[in-house]
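Colleague: Sequence first, then the predicted structure, then my questions.
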Amino acid sequence: ICWVQPSIRSRNQVWLRNRWQHWGYTHVNASACFMDLVFYSTYNWIKIIHIAFMVAWMAGLLYLPRLFVYHQENYKNKDLTTVFKTMEKRLYFYIMNPSIFIVWFSGLYLGYILGFDTWLIIKIGLVMLMSLFHILLGKHLNDLKKDNLDLSARYFRMINEIPFIILIFILIMVIMKPDF
């Protein structure tokens, strides 16, 4: 027998809208539990998906500018730039683009369930900034594909830090949940 306990938030005591399904004191069939973990909760699965794809998206946001640095430093070597173009395209279109959409959809679902507190609205604003950075990287990718980019490797080294700085503020909002 496994019992699910409700999530208790120290501030605001925001109750989940669909408490019975997601968190309530619900008797659960033992087959749905393993080591006191409940595997039927939609909320928990969406949260796992959100975190996993956020990590994939962040990896892309941090690695793509680094590939641009190497691309710009080796612009005379056509064989090497062809390899970089392939790596950049695959990273952006096959990892980063699906990740950003899954992060947004799962994040909005989690926000709907939790309720949109002030900290969450600030977090969404920061994620919008990160999304604009994602779009900027896509523009740079297209320019590099056409060999039509006059920006230096130093520029890409500097913008490489932007997603990490935004991530720090997002983590402060998510973990501390400041009450403004």
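Modeller: Happy to help now that I have it.

Colleague: drop to CA atoms for contacts and neighbour counts, all remaining ones
Modeller: Will do.

Colleague: Identify the single longest helix in this protein, thanks.
Modeller: What stands out as the longest helix in the chain, according to DSSP state H, is helix 42-73.

Colleague: Next secondary structure element downstream of that one?
Modeller: Helices and strands here follow DSSP states H and E; after helix 42-73, the next one along the chain is helix 78-90.

Colleague: Let me know the angle separating that following helix from helix 42-73.
Modeller: With axes from the mean of the first three to the mean of the last three C-alpha atoms, to 10 degrees applied, the angle from helix 78-90 to helix 42-73 works out at 160 degrees.

Colleague: Mind giving me the packing neighbours of the next helix or strand after helix 78-90?
Modeller: Beyond helix 78-90 on the C-terminal side, the first helix or strand identified by DSSP H and E is helix 97-114. Counting by 3 or more C-alpha pairs under 8 Å, 6 or more residues apart in numbering; DSSP states H and E, the packing neighbours recorded for helix 97-114 are helix 42-73.

Colleague: which parts of the helix it packs on are buried?
Modeller: Residues of helix 42-73 classed as buried by neighbour count (16 or more other C-alpha atoms under 10 Å): 43, 46, 49-50, 53-54, 56-58, 60-62, 64-72.

Colleague: name the helices or strands packed onto that helix?
Modeller: Using 3+ C-alpha pairs under 8 Å, 6+ apart, helix 42-73 is in contact with helix 78-90, helix 97-114, helix 118-145, helix 153-159, helix 162-176.

Colleague: Please settle this for me: is Ala147 part of a strand?
Modeller: Quick fix: residue 147 reads Asp, not Ala. No - applying DSSP: H, G, I helix; E, B strand; the rest coil, one finds Asp147 to be coil, outside a strand.

Colleague: burial count for it?
Modeller: By other C-alpha atoms under 10 Å, 13 other residues sit near Asp147.

Colleague: check contacts around it.
Modeller: By C-alpha atoms under 8 Å, 6 or more residues apart in numbering, the contact set of Asp147 is empty.

Colleague: ditto for the one 4 residues further on
Modeller: Taking C-alpha under 8 Å, 6+ apart, we find Leu151 in contact with no residue.

Colleague: picking up where we left off before, let's have the helices and strands packed on helix 42-73 in JSON lines, adding mean neighbour count.
Modeller: Output for the helices and strands packed on helix 42-73, formatted as JSON lines (neighbours: other C-alpha atoms under 10 Å):
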{"stretch": "helix 78-90", "mean neighbour count": "15"}
{"stretch": "helix 97-114", "mean neighbour count": "17"}
{"stretch": "helix 118-145", "mean neighbour count": "17"}
{"stretch": "helix 153-159", "mean neighbour count": "15"}
{"stretch": "helix 162-176", "mean neighbour count": "14"}
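
Colleague: Lovely, talk soon.
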